[in-house]
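A.B. asks: what follows is a predicted protein model with its sequence.
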Amino acid sequence: MRRLNISGGRPLRGELKIQGSKNSVLPILAATLLTEEPCEIRNCPDLTDVRAALEILEALGCRVSFDGQIARVDAGSAAGTKIPDELMRRMRSSVMFLGAILGRNRSAQIGHPGGCELGARPIDIHLRAFSRLGVSLLENGGYIHCHLRQYLPQTITLIFPSVGATENVMMLCALMPGETVLVNPAREPEIVDLQNFLNCMGADVMGAGSDCIRIRGVKKLHGCSYSVIPDRIVAATYACSAVSCGGEVLLSHVEPEHMRLFLAMLQDMGAQIREEGDRLWVKAKGRPNAIPLVKTLPYPGFPTDMQPLLMAALLKSRGSTVFHETIFENRFRHAGEFLRLGGDVQVEGVSAIVHGVNRLHGADVYASDLRGGAGLILAALGADGKTRIEGVEHIERGYVSVTECFRKLGGDVILTED
Ligand code: UD1
């Protein structure tokens, strides 16, 4: 059993370089299928999800290599159209390969992604958009069979700005004839990054980050070298660590523009923030102020991925904070573990209320999902005594060298295996 052993209660201090964005690099890796020429993806974080994405590309016939920083993909002979079920199960977000496989080979089969620890996670918005664009869909034996006979360029309005559906449509349309317009797309920075990558390959995509994306299909895309954006969720994690246990952290290779709302909230909580180009300095002392309401929303609203992190940082706040989770129906599993650490959190459906306590204490806890697990590390670092966290593999899906990074900031964090 692998466990993180954390002795909390001491302030953090130090400097860290923030890794490349997981949520950017995964669709970008999928998009390399759209060219027969080699692509080089720089600032690629060495994560289990990235390794799984590279295995999917290999299973589809690509030649891949990864040195831990730069991923190289040569999709010259990627004739594969089916993602093996085992790989599909390993990484739920492999549904984002669908648009790229279809764009490349006009046919695709994937296992139904099913639910996950955060909730049901349907893909109906993806499939409805595909169907409008001319893709025939057949569900059979747990697989979704997609086939594109004739592409029907048009204006598609998403009923919800789904990140995955937006990415899938962008990838499908890049090589299709005519102009496709996507209304009410997701506006996350990772969507802009995907647009920039596609355009770097020679695509004609405009409007990402706004409420309308226009894709003019081109005949062919070419290889390129591209560097992914910094991971705003990872940056938020280490910024929150300065608040949950007090201290001073300097984060480099950050894009503060992608974290505006979060940074404003940290300031309201009493943290001092300074920005200098791509460097972010966060200093906090004592118990933070509570904030009245944290409501998760599509970007530029407060990100659902930061909800567990901010909740951890508010466990010892002065006052009470209401969390309202509007994106995923089952995203408070960390709250039960926070109780074990002495936190006072009441969950009622999709809302939770945190009453700040004076102190937290160590306990044995379980990380059941990626960001909830990161929240547990933050809470444990701010708790007196020893905490043991199981379920480390969930945390490692999104954080490169998480033990070493917290140790670099002076945290007493040790990974053990027995
Ligand atoms: C979501 C987050 C994204 C985050 C990622 C990983 C939002 C809007 N998206 O992206 O920021 O990085 O999780 O944690 O915050 N939905 C449907 N039908 C669909 C697709 C989605 O009902 O076909 C629903 C989902 O169940 C969910 C919501 O829409 O309630 C958001 O989904 P979506 O943005 O697609 O999720 P991800 O792409 O996974």
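C.D. replies: Cool, got the structure.

A.B. asks: can you pull out the strands in the stretch 151-300 of the chain?
C.D. replies: 155-157, 179-183, 204-206, 212-216, 225-227, 247-252, 272-276, 279-284, 293-295 (DSSP state E, counting those that start in this stretch).

A.B. asks: export those to a markdown table and tack on distance to the ligand and mean pLDDT?
C.D. replies: Quick note: C-beta positions are derived from backbone N, CA and C, even for glycine. Supplementary listing: the strands of the stretch 151-300 of the chain in a markdown table, determined by distance: least, CB to the nearest ligand atom, whole Å; pLDDT from 0 to 100:
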| stretch | distance to the ligand | mean pLDDT |
| --- | --- | --- |
| strand 155-157 | 13 | 97 |
| strand 179-183 | 14 | 98 |
| strand 204-206 | 18 | 98 |
| strand 212-216 | 15 | 98 |
| strand 225-227 | 20 | 98 |
| strand 247-252 | 19 | 97 |
| strand 272-276 | 22 | 97 |
| strand 279-284 | 20 | 98 |
| strand 293-295 | 12 | 97 |
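
A.B. asks: for residue 234, find the nearest of these.
C.D. replies: strand 247-252 (9.1 Å; CB to CB).

A.B. asks: quick check: residues of the stretch 251-400 of the chain near the ligand?
C.D. replies: Residues of the stretch 251-400 of the chain lying close to the ligand by CB under 6 Å from any ligand atom are 298, 303-305, 327-328.

A.B. asks: who wins on neighbours among these?
C.D. replies: The member of those surrounded by the most neighbours (other CB atoms under 10 Å) is residue 303, with 24 neighbours in all.

A.B. asks: who in the stretch 51-200 of the chain is up against the ligand?
C.D. replies: So the stretch 51-200 of the chain meets the ligand at 121-126, 160, 162-165, 186, 188 (CB under 6 Å from any ligand atom).

A.B. asks: which residues sit in contact with residue 396?
C.D. replies: 47-48, 402 (CB atoms under 8 Å, 6 or more residues apart in numbering).

A.B. asks: give me that answer again for 6 Å
C.D. replies: residue 48 (CB atoms under 6 Å, 6 or more residues apart in numbering).

A.B. asks: please apply the same query to residue 333.
C.D. replies: Residue 333 touches 368, 372, counting by CB under 6 Å, 6+ apart.

A.B. asks: ok, the one 4 residues further on next?
C.D. replies: With contacts defined as CB under 6 Å, 6+ apart, the neighbours of residue 337 are 365, 376.

A.B. asks: in what helix or strand does it lie?
C.D. replies: helix 333-340 (DSSP states H and E).

A.B. asks: same thing with residue 97?
C.D. replies: Using DSSP H and E, residue 97 falls in helix 97-105.

A.B. asks: could I get the strands of the stretch 151-300 of the chain as JSON lines with mean neighbour count?
C.D. replies: Converted to JSON lines, these look like this (neighbours: other CB atoms under 10 Å):
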{"stretch": "strand 155-157", "mean neighbour count": "15"}
{"stretch": "strand 179-183", "mean neighbour count": "19"}
{"stretch": "strand 204-206", "mean neighbour count": "16"}
{"stretch": "strand 212-216", "mean neighbour count": "20"}
{"stretch": "strand 225-227", "mean neighbour count": "16"}
{"stretch": "strand 247-252", "mean neighbour count": "20"}
{"stretch": "strand 272-276", "mean neighbour count": "13"}
{"stretch": "strand 279-284", "mean neighbour count": "21"}
{"stretch": "strand 293-295", "mean neighbour count": "14"}
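
A.B. asks: could you redo those strands as CSV and give each row distance to residue 81?
C.D. replies: Below are the strands of the stretch 151-300 of the chain laid out as CSV (distance: least, CB to CB, whole Å):
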stretch, distance to residue 81
strand 155-157, 23
strand 179-183, 22
strand 204-206, 24
strand 212-216, 22
strand 225-227, 25
strand 247-252, 41
strand 272-276, 46
strand 279-284, 43
strand 293-295, 41
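
A.B. asks: ok, back up a step: looking at the helix holding residue 337 now, give me its mean pLDDT.
C.D. replies: Mean pLDDT, helix 333-340: 96.

A.B. asks: pull out the buried positions in the helix or strand following it.
C.D. replies: Note on helix 333-340: by DSSP H and E, the next helix or strand toward the C-terminus is strand 344-348. Buried residues in strand 344-348, counted by 16 or more other CB atoms under 10 Å: residue 345.

A.B. asks: could you export strand 344-348 as CSV, CA atoms only?
C.D. replies: C-alpha atoms of strand 344-348 as CSV (Å, rounded to 0.1, in the frame of the first residue of the first chain):
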residue,chain,number,x,y,z
ASP,A,344,-16.4,21.2,10.4
VAL,A,345,-18.1,20.6,7.0
GLN,A,346,-21.8,19.9,6.4
VAL,A,347,-22.8,18.6,3.0
GLU,A,348,-26.4,18.9,1.8
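
A.B. asks: in its sheet, what does it sit against?
C.D. replies: Looking at strand 344-348 with DSSP bridges, its partner strands are strand 351-355 (antiparallel).

A.B. asks: quick one on the thing from earlier: any idea which of the strands of the stretch 151-300 of the chain gets closest to residue 86?
C.D. replies: Here strand 225-227 is closest among the strands of the stretch 151-300 of the chain (CB to CB), at 28.9 Å.

A.B. asks: which residues are contacting the closest one?
C.D. replies: 40-43, 197, 200.

A.B. asks: repeat that for stretch 84-99.
C.D. replies: 26-27, 30, 49, 52, 55-56, 59, 83, 108, 110-111, 113, 116, 123, 164, 167-168, 171-172.
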